[in-house]
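In: Sequence plus the predicted model coming up.
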Amino acid sequence: MRKRNHVVPVRLNAKELRHLDGQVAKSGLSREEFLRSLILGAQLQTKPCEHHTELLRKIAGLCNNANQLAHVANGTGMAGEASVQEMLRISKETWRLVKEEW
């Protein structure tokens, strides 16, 4: 048996339907999920853009390199030039992505 067995028909004009479809597309939800969420009072957020995952991966790499550099520096008392340069390269690439795509 279905959990949701009540149907609520709603009539919209063309402008209202375009607006609804636009909001649904931004949310990444189906139309039904979107409307149920609104009814339940959820604070809906737009879905992340396509480059969001790549940017998060770059930032995670930067954090990982920073952690490795700190680990080496704590163990030896200094960090190698190659490690510092790699971290600078990743941070510049991440900053470039943020400026261009956000």
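Out: Ah, there it is.
In: Buried residues, stretch 74-85. List them.
Out: Across stretch 74-85, burial judged by 16 or more other CB atoms under 10 Å covers Ala79. Quick note: C-beta positions are derived from backbone N, CA and C, even for glycine.
In: Now Leu29: which helix or strand?
Out: Leu29 belongs to no helix or strand when elements are defined using DSSP states H and E.
In: Next, the buried residues of the helix or strand bottoming out on mean pLDDT in the chain.
Out: In the chain, no helix or strand scores lower on mean pLDDT, DSSP states H and E than helix 81-101, which sits at a mean of 74. Neighbour-count burial for helix 81-101, counted by 16+ other CB under 10 Å, picks out Glu86, Met87, Ile90, Ser91, Thr94.
In: I'd like those residues written out as a markdown table, with distance to Asn5 added.
Out: Output for the buried residues of helix 81-101, formatted as a markdown table (distance: CB to CB, whole Å):
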| residue | distance to Asn5 |
| --- | --- |
| Glu86 | 58 |
| Met87 | 57 |
| Ile90 | 53 |
| Ser91 | 54 |
| Thr94 | 50 |
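In: Out of those, flag the one nearest to Ala25.
Out: Thr94 (28.3 Å; CB to CB).
In: and of the buried residues of helix 81-101, the nearest to Arg2?
Out: Using CB to CB, Thr94 comes nearest to Arg2 of the buried residues of helix 81-101, at 47.0 Å.
In: roughly how far apart are the closest one and Val8?
Out: 46 Å (CB to CB, to the nearest Å).
In: ditto for Phe34
Out: For Phe34, the distance to Val8 - CB to CB - is 14 Å.
In: what do you get for Leu88?
Out: Taken as CB to CB, the span from Leu88 to Val8 is 57 Å.
In: same thing with Glu32?
Out: From Glu32 to Val8 the distance is 11 Å (CB to CB).
In: Helix or strand for Ile59, just tell me which one.
Out: Taking DSSP H and E as the definition, one finds Ile59 inside helix 52-76.
In: what's that helix packed up against?
Out: Counting contacts by 3 or more CB pairs under 8 Å, 6 or more residues apart in numbering; DSSP states H and E, helix 52-76 is packed against helix 81-101.
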